[in-house]
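[1] the following comprises the amino acid sequence and a computationally predicted model.
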Amino acid sequence: MALVTTKEMFEKAFQGGYAIGAFNINNMEIVQGVVAAAQAQNSAVILQVSKSALKYAHPKYLKAMVDAAVEETGLDIALHLDHGPDLETCKECIECGFTSVMFDGSHYDYEENVAKTKEVVEYAHARGVVVEAELGKLAGVEDDVKVDAANATYTDPDQAVDFVKRTGVDSLAIAIGTSHGAYKFKGEAKLDFDRLETITKKLEDAGFHNFPIVLHGASSVDQRCVAMCNEYGGKIDGAKGIPAEMLRKASSMAVCKINMDTDLRLAMTAAIRKSFGENPAAFDPRGYLGDARNLIQELVEDKIKNVIGSVDSMK
């Protein structure tokens, strides 16, 4: 068995009206929890790595853990670079064996984003690797991605078509109201589904059949995990994410990949806090990290069944 690209995953997801979950990984317990959930639900899965995760865990360690997951489960797993900041980082991951990379040029002006994205696409495609890019700016903070609300911009549908034509990207992350981090909304959550539908139709009319759209900043911010964190000494007040029903609706449309990072962080932190709170004398990492792994699996299984709908996508 070997890692796969997202190409076939997304084709099946578009036709089946579901999305593939893209879960950020930083260590072995997260990898194992996510993959165990995918295996239990017979779901394809994307494991993705941010620049900060590359620095923390190192590419070769992450790649080796994901290779082990593929060998052990036989699942379709893609290893993806999340928010690659430049060509050099994309090259590093491609050379390490990643099967998908995202170049995030959304902070550049439009023409520079086009030019830099095209450069990444040409390098990656020559090596059999698929590329995701981003158009529009999501608000919020996650790792090195920091955009305040005043500078967030929704994706322009006509520009999206021009961007895909000129860059040759394989999937496009768009901004329709999601945001990074645990504090996504102060008021009522809103996603611009009309904009999503318009972008999809314009891409189809331009000859891009079943073109896969990606949602970043799409954690639901599981309230049970927030409550668990706070019960055992945390101070995570007012955290609010994307309602599951909105993500399910997006998954039934053109959205083929939904990114989730914050939910995993909250689950890991909640389980460890609970373990320390209930067992203050314990100091074996296998105990509290094992609890964290179990809660991550439980959380991801719920996402696969009730949010993205990718159960039995390995059939």
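    Received, thanks.

[2] can you show me the helices along this protein?
    7-16, 28-40, 51-57, 59-73, 87-96, 110-125, 157-167, 193-205, 223-231, 244-251, 262-278, 285-303 (DSSP state H).

[3] turn those helices into JSON lines, columns for distance to Phe103 and mean neighbour count.
    Placement of C-beta: from N, CA and C, glycine included. What follows is the helices of the chain, written out as JSON lines (distance: least, CB to CB, whole Å; neighbours: other CB atoms under 10 Å):
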{"stretch": "helix 7-16", "distance to Phe103": "17", "mean neighbour count": "18"}
{"stretch": "helix 28-40", "distance to Phe103": "24", "mean neighbour count": "23"}
{"stretch": "helix 51-57", "distance to Phe103": "12", "mean neighbour count": "17"}
{"stretch": "helix 59-73", "distance to Phe103": "16", "mean neighbour count": "17"}
{"stretch": "helix 87-96", "distance to Phe103": "6", "mean neighbour count": "17"}
{"stretch": "helix 110-125", "distance to Phe103": "4", "mean neighbour count": "18"}
{"stretch": "helix 157-167", "distance to Phe103": "9", "mean neighbour count": "18"}
{"stretch": "helix 193-205", "distance to Phe103": "19", "mean neighbour count": "17"}
{"stretch": "helix 223-231", "distance to Phe103": "31", "mean neighbour count": "17"}
{"stretch": "helix 244-251", "distance to Phe103": "23", "mean neighbour count": "19"}
{"stretch": "helix 262-278", "distance to Phe103": "22", "mean neighbour count": "21"}
{"stretch": "helix 285-303", "distance to Phe103": "26", "mean neighbour count": "20"}
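
[4] Ala38 reaches Thr73, doesn't it?
    Yes. Counting by CB atoms under 8 Å, Ala38 does reach Thr73; the two are 7.4 Å apart.

[5] top strand in the chain by residue count?
    In the chain, with assignment by DSSP state E, the single longest strand is strand 77-84.

[6] angle of that one against helix 28-40?
    Angle of strand 77-84 versus helix 28-40, following axes from the mean of the first three to the mean of the last three CA atoms, to 10 degrees, is 130 degrees.

[7] pull strand 77-84 out as CSV, backbone CA atoms only.
    The C-alpha coordinates for strand 77-84 follow below in CSV (Å, rounded to 0.1, in the frame of the first residue of the first chain):
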residue,chain,number,x,y,z
ILE,A,77,-4.7,8.3,2.9
ALA,A,78,-3.3,11.5,1.3
LEU,A,79,-0.5,13.4,3.1
HIS,A,80,-1.0,17.1,2.5
LEU,A,81,0.9,20.3,3.3
ASP,A,82,-1.5,22.8,4.8
HIS,A,83,-0.9,26.5,4.2
GLY,A,84,2.5,26.2,2.5
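
[8] does anything pack onto it? Which helices or strands?
    On a contact count with 3 or more CB pairs under 8 Å, 6 or more residues apart in numbering; DSSP states H and E, strand 77-84 meets strand 20-24, strand 45-49, helix 59-73, helix 87-96, strand 100-103.

[9] who touches that strand?
    Outside strand 77-84, the residues that touch it by CB atoms under 8 Å, 6 or more residues apart in numbering are 3-6, 9, 22, 24, 35, 38, 44-51, 62-63, 66, 69-70, 89-90, 93, 97-104, 120, 132, 143-145, 259, 261.

[10] now swap in stretch 308-315 and tell me
    For stretch 308-315, the external contacting residues (CB under 8 Å, 6+ apart) are 9, 12-13, 16-21, 41-44, 75-76, 247-248, 251-252, 258, 304-305.

[11] now Gln39, nearest residue through space, not along the chain?
    Once flanking residues are discounted, Gln39 sits nearest to Thr73: 4.7 Å by CB to CB, 6 or more residues apart in numbering.

[12] look up how far Glu112 lies from that neighbour.
    41 Å (CB to CB, to the nearest Å).

[13] cool, Ile30 as well?
    Using CB to CB, Ile30 is found at 34 Å from Glu112.

[14] likewise for Val214?
    21 Å.

[15] same question for Ala244.
    36 Å.

[16] one step back: just put the helices of the chain in JSON lines and tack on mean pLDDT and distance to Gly136.
    JSON lines is the format used below for those (pLDDT from 0 to 100; distance: least, CB to CB, whole Å):
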{"stretch": "helix 7-16", "mean pLDDT": "97", "distance to Gly136": "20"}
{"stretch": "helix 28-40", "mean pLDDT": "98", "distance to Gly136": "27"}
{"stretch": "helix 51-57", "mean pLDDT": "97", "distance to Gly136": "20"}
{"stretch": "helix 59-73", "mean pLDDT": "97", "distance to Gly136": "28"}
{"stretch": "helix 87-96", "mean pLDDT": "98", "distance to Gly136": "20"}
{"stretch": "helix 110-125", "mean pLDDT": "98", "distance to Gly136": "10"}
{"stretch": "helix 157-167", "mean pLDDT": "97", "distance to Gly136": "8"}
{"stretch": "helix 193-205", "mean pLDDT": "97", "distance to Gly136": "9"}
{"stretch": "helix 223-231", "mean pLDDT": "95", "distance to Gly136": "28"}
{"stretch": "helix 244-251", "mean pLDDT": "94", "distance to Gly136": "15"}
{"stretch": "helix 262-278", "mean pLDDT": "97", "distance to Gly136": "20"}
{"stretch": "helix 285-303", "mean pLDDT": "98", "distance to Gly136": "24"}
